[in-house]
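Engineer: I'd like to go over a predicted model; first the sequence, then the structure.
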Amino acid sequence: MAQEFDDSFKELEQSIMEDMKGVYSEKTIDHFLSPRNLGEIPAPDGFGRITGPCGDAMEIYLKVRDGRVINASFRTDGCGTTIASGSMVTEMAKEKSVLEAQKITQQDILDALGGLPEDSLHCALLAANTLKEAIKDYLAFKNESWKRAYRGR
Ligand code: FES
């Protein structure tokens, strides 16, 4: 009985994977199923939160040392492609200078993911905009870091 259940579960899993591969790139599926940098960074040097037009929100947390992003993480209540986009944008931002990270665009994320379906393009835009917001926050508090105590993060 348990074996039959295991077999039919594996079949179902395989068929879902086949369906996904017809729509999403392997990179996107990988970042969706095994998201990198998921979660909060305590006392971040930069924090951004944006709610996209679809109602999904993303948060990005940055740690910066000597003008370089040494750690980046994200959280989202969005769909699989939003998770993949947050995972990818935080991977791309890490080890870049703040100025380089600020230039990461929606298209850069789409290219790195191997593209997204038309109706998911805005997920990559949400990730790019949230990163920009986190960098803006970092730059705003850079010289007066004590003021971060008042922003609640
Ligand atoms: Fe809204 Fe992905 S569906 S960000």
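Structural biologist: Received, thanks. Just so you know, these numbers come straight off a predicted model, no measurement behind them. Numbers count the residues shown, from 1 in each chain.

Engineer: contacts, neighbours, all on C-alpha from now
Structural biologist: Noted.

Engineer: does the helix or strand hosting Ile29 come close to the ligand?
Structural biologist: Secondary structure from DSSP states H and E places Ile29 in helix 26-33. No. Using CA under 6 Å from any ligand atom, helix 26-33 never reaches the ligand; the gap is at least 11.7 Å.

Engineer: flag every residue of this structure that's near the ligand.
Structural biologist: 54, 56, 78-79, 81-82, 120, 123.

Engineer: any of those buried? List them.
Structural biologist: In the residues of the chain next to the ligand, burial by neighbour count holds for 78, 81-82, 123, counting by 16 or more other CA atoms under 10 Å.

Engineer: closest to Gly22 out of those residues?
Structural biologist: Thr81 (14.4 Å; CA to CA).

Engineer: quick check: the residue of this protein nearest the ligand.
Structural biologist: Taking CA to the nearest ligand atom as the measure, the point where the chain comes nearest the ligand is Cys123, at 3.9 Å.

Engineer: ok, that residue touching Thr82?
Structural biologist: Yes. Cys123 lies in contact with Thr82 (CA atoms under 8 Å); the separation is 4.9 Å.

Engineer: among the buried ones among the residues of the chain next to the ligand, which are in helices?
Structural biologist: Residues of those located in helices (DSSP state H): 81-82, 123.

Engineer: picking that back up, which residues does the residue of the chain closest to the ligand contact?
Structural biologist: Contacts for Cys123 (CA atoms under 8 Å, 6 or more residues apart in numbering) come out as 81-82, 85.

Engineer: noted, bye for now.
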